[in-house]
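# sequence and predicted structure below; questions after.
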Amino acid sequence: MATAQEDYIKARKLGTKEYQKAVSEGHYPYLPALDHMLENRTTLNEVPIGVMEIPIQFIVGTVTAGRQESFARNFMPLLGPETEFGTKWISLMEYQTSHGISDAIKVIEFMGKFYVMEGNKRVSVMRYLEQPTMRANITRIMPPQSASEDKEVKIYYEFLKFFKCTNLYNIMFTEEGSYQKLAAIAGQTLDEPWDEEAIKDLRSAFIAFSKVYMANGGKAYTTITEGDAFLVYLDMYKYESLKIPVQEEIKKNLSLIWKEIRIRANGNQIVFSEEPQLQKKASIPIIDSIMKKTYSEQDPLKVLFIYDGDATKSRWINGHEQGRIELEQIFPGIVKTLSCDCKDTEEEFATAVDAAAADGADLIITTSPVQMEHALKAAVKYPKIKFLNCSVHLSHEAVRTYYGRMYEAKFLLGMLAATLTKDHRIGYVSTYPIYGNIANINAFAIGASLVDPEVKIYLTWSCLKEEYWREYIKENNFNVVSGPDLIKPKNADNAYGVYTIGDGGEITNIAFPVWNWGKYYELIVQTILNDAWDVESGNVKDSAINYWWGMSSGVIDIYECDTLPYSVMKLVSMMRKGIINDSLNPFDGELRSQTGVIKGALSQRLTNEEIINMNWLCDNVVGSIPTFDELTESAQKAVLANGMPIINSDKQLDKAEQTET
């Protein structure tokens, strides 16, 4: 058994190695000092937390600069064993071996990390011994109010709510909304304290996962926390399976989802496929022809569409159902499709997928972002089946996403609508405040302003609890309206697309956007039939693929009624050609929001990411983006599934909550 002095020599070697590594990388080699980070520390709000066990990995520095150069940044000693420092370290090691260090150190917690006031050497000894936790007397320092809009501060406020419910320090995240998501997975909320059993289950599940994750490659992913990886795992596997964890099962499950974790570590990057890649570049034609699977009437390509509602009632689902029917007509006998309605439960979804897998399904298509959770679990279970989800911002390797550049059609419709308004006012009905949809509103507003510089777009939403869009349109007496994009499957009326309202209330349809789902599914299926499905994935590293096709692919268009004047039809036709050949884009050139200039006239057009992540409204839009609490229950579900960041209305604790915490 090594003596305490021998342990010190080993610890010092670890410290020296870390010191040299930091210097070679251009980093500060010693412990960071909180007083250097927060020059005004003593003026900030302090909250006493008390004594509790804290994760040693979150002890990252010291409070003052006095002893910081005695340690490398990993808390290993740097001074010689003959120094007073070395002698005291060795004595502490001897005491730990014979009795065990039990006295609590004193720390300041700032932004979820701990800085030592008293007990640096005790931390060093326990880190050397690879102990997971230490007892500490904690004082929390709240971040300055001036930083309240900083992303890390927002996440920290969410952590405070989680801590208030659980008293757990070891689960940290790097993305907003993660604590709320974790609470929902555990069957809890962040509004009241959890019971002891729920806290025990979560602690046990996280520790079991973390141990296996770090031992099997997790240490390599420095851009994410163990908590981030934990949520990725829970996207694929049931939380209940971790309540009584089996390490071998966790290891096996992890082996199937490392690509998903790499995507998360890469910042959830999405590669947007702007045009269909229908052909595979043959490397060795003879081999490719042998390896390629050939579909026929005897062995058709089998596709299952899983809806989250009734196609006879939902405008959205009805469009996809018509696309499914067209798909079979385009590939008679070669493609066989089925559809089923799976409303809410994971069991219904899993049963449908199991049956499809048993029948030899090749492709499973889900048409709503709320289905992604179930689709992910199914895709991991059946890796040979291709999975698609109709969404624009969800980044996963196991399930590809697809959507359309609907803003192109909205731009044309805005121009068209502006030619008809009598009073420079147009009513606009939007659906959900989700990724991509804000761009539709702004494209419409920009298109309208090009025809009528004085036009105002009056925005309302069909997803609000306290407002009904039809009443809003009636009360404001608009003569031109951009209503819901799609017609009702049953009891259809004319209140969709761009329409005019006469003096007697009569509605006249003018034009409407078109989702050519049949064409979309034809192109997707063509990539499979041509053995080109993997063309793009082969060129993409640690990123998800989203099919983001538009008018140039024929999947998006507008339909104009015959009542339009010749000159308006010609204007729309010219602009459509410009969009198709990519010489025209509504988000090119100067852009102005309700709060000021977004970009100047000489700036390049917005990227796909900037268009999809748009969280502002054009200066000629009258209205606002609703908060989460203003949405109906079904809309909240859709928004949570799609992950829109700007609708979270409760991101910060108020001052009273901070003090109480």
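Sure, I can see it. Note that this is a predicted model, so its numbers are computed, not measured.
# switch to C-alpha atoms for all contacts and neighbour counts from now on
OK.
# of all the residues in stretch 200-208, which ones are buried?
Within stretch 200-208, the residues scored as buried using 16 or more other C-alpha atoms under 10 Å are Asp201, Leu202, Arg203, Ser204, Ala205, Phe206, Ile207, Ala208.
# isn't the last one up against Gln247?
Yes: using C-alpha atoms under 8 Å, Ala208 is in contact with Gln247, at 7.1 Å.
# turn the buried residues of stretch 200-208 into TSV, including pLDDT.
Output for those, formatted as TSV (pLDDT from 0 to 100):
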residue	pLDDT
Asp201	95
Leu202	96
Arg203	94
Ser204	93
Ala205	95
Phe206	95
Ile207	93
Ala208	93
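# let me know the closest of those residues to Glu274.
Nearest to Glu274 among these: Phe206, at 39.3 Å, using C-alpha to C-alpha.
# so who does that closest one touch?
Listed by C-alpha atoms under 8 Å, 6 or more residues apart in numbering, the contact set of Phe206 reads Ile171, Gly227, Phe230.
# just Trp616 next, same as before
Contacts for Trp616 (C-alpha under 8 Å, 6+ apart) come out as Ile438, Ser593, Gln594.
# who's the closest spatial neighbour of the first one, skipping the chain neighbours?
Meaning Ile438. Nearest residue to Ile438, sequence neighbours excluded (C-alpha to C-alpha, 6 or more residues apart in numbering): Met614, at 6.1 Å.
# from Ile108, how far off is that neighbour?
Using C-alpha to C-alpha, to the nearest Å, Met614 is found at 38 Å from Ile108.
# and if you look at Ala492?
64 Å.
# pLDDT wise, what is Ile556 at?
Ile556 is assigned 96 on the pLDDT scale.
# and it, how many neighbours does it have?
23 (other C-alpha atoms under 10 Å).
# what does it show for phi and psi?
phi -130, psi 140 (degrees, to the nearest 10).
# what residues are bridge-paired with it?
Trp515 (DSSP bridges).
# what strand or helix carries Asp201?
Assigned by DSSP states H and E, Asp201 belongs to helix 196-215.
# got the CA coordinates for that helix in CSV?
Provided in CSV are the C-alpha atoms of helix 196-215 (Å, rounded to 0.1, in the frame of the first residue of the first chain):
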residue,chain,number,x,y,z
GLU,A,196,-38.4,11.7,-1.8
GLU,A,197,-39.1,8.7,-4.0
ALA,A,198,-39.0,10.8,-7.2
ILE,A,199,-35.8,12.5,-6.2
LYS,A,200,-34.2,9.1,-5.3
ASP,A,201,-35.3,7.6,-8.6
LEU,A,202,-33.8,10.5,-10.6
ARG,A,203,-30.5,10.5,-8.7
SER,A,204,-30.1,6.8,-9.1
ALA,A,205,-31.0,6.9,-12.8
PHE,A,206,-28.6,9.8,-13.5
ILE,A,207,-25.7,8.3,-11.6
ALA,A,208,-26.1,4.9,-13.3
PHE,A,209,-26.2,6.5,-16.7
SER,A,210,-23.3,8.9,-16.0
LYS,A,211,-21.1,6.1,-14.8
VAL,A,212,-21.6,4.0,-18.0
TYR,A,213,-21.5,7.1,-20.3
MET,A,214,-18.2,8.4,-19.0
ALA,A,215,-16.6,5.0,-18.9
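# contacts for whichever helix or strand comes after it next, please.
Next in sequence after helix 196-215, counting helices and strands by DSSP H and E, comes helix 226-236. By C-alpha under 8 Å, 6+ apart, the residues outside helix 226-236 that reach it are 171-174, 178, 182, 185, 206, 209-210, 213, 218, 254, 257, 260-261, 264, 373, 376-377, 380.
# so how do I select the buried members of these in PyMOL?
Selecting only the buried entries of these in PyMOL, with 16+ other C-alpha under 10 Å as the criterion:
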select buried, resi 171+172+173+178+182+185+206+209+210+213+218+254+257+260+261+264+376+377+380
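# quick one: end-to-end distance for stretch 208-223.
End-to-end distance of stretch 208-223: 21 Å, with C-alpha to C-alpha as the criterion.
# actually stretch 606-620, not the one I wrote
Start-to-end, stretch 606-620 (C-alpha to C-alpha) is 19 Å.
# Thr337 falls within a helix, correct?
No: counting by DSSP: H, G, I helix; E, B strand; the rest coil, Thr337 is not found in a helix; it is strand.
# who is it paired with across the strands?
Beta-bridge partners, per DSSP bridges, of Thr337: Val303.
# you'd agree it is up against Glu321?
No: contact criterion C-alpha under 8 Å: Thr337 and Glu321 do not qualify, at 10.5 Å.
# who has more neighbours, these two?
Legend: neighbour count by other C-alpha under 10 Å for Thr337 and Glu321, higher for Glu321 (21 against 17).
# before I go, just wanted to say thanks for your time.
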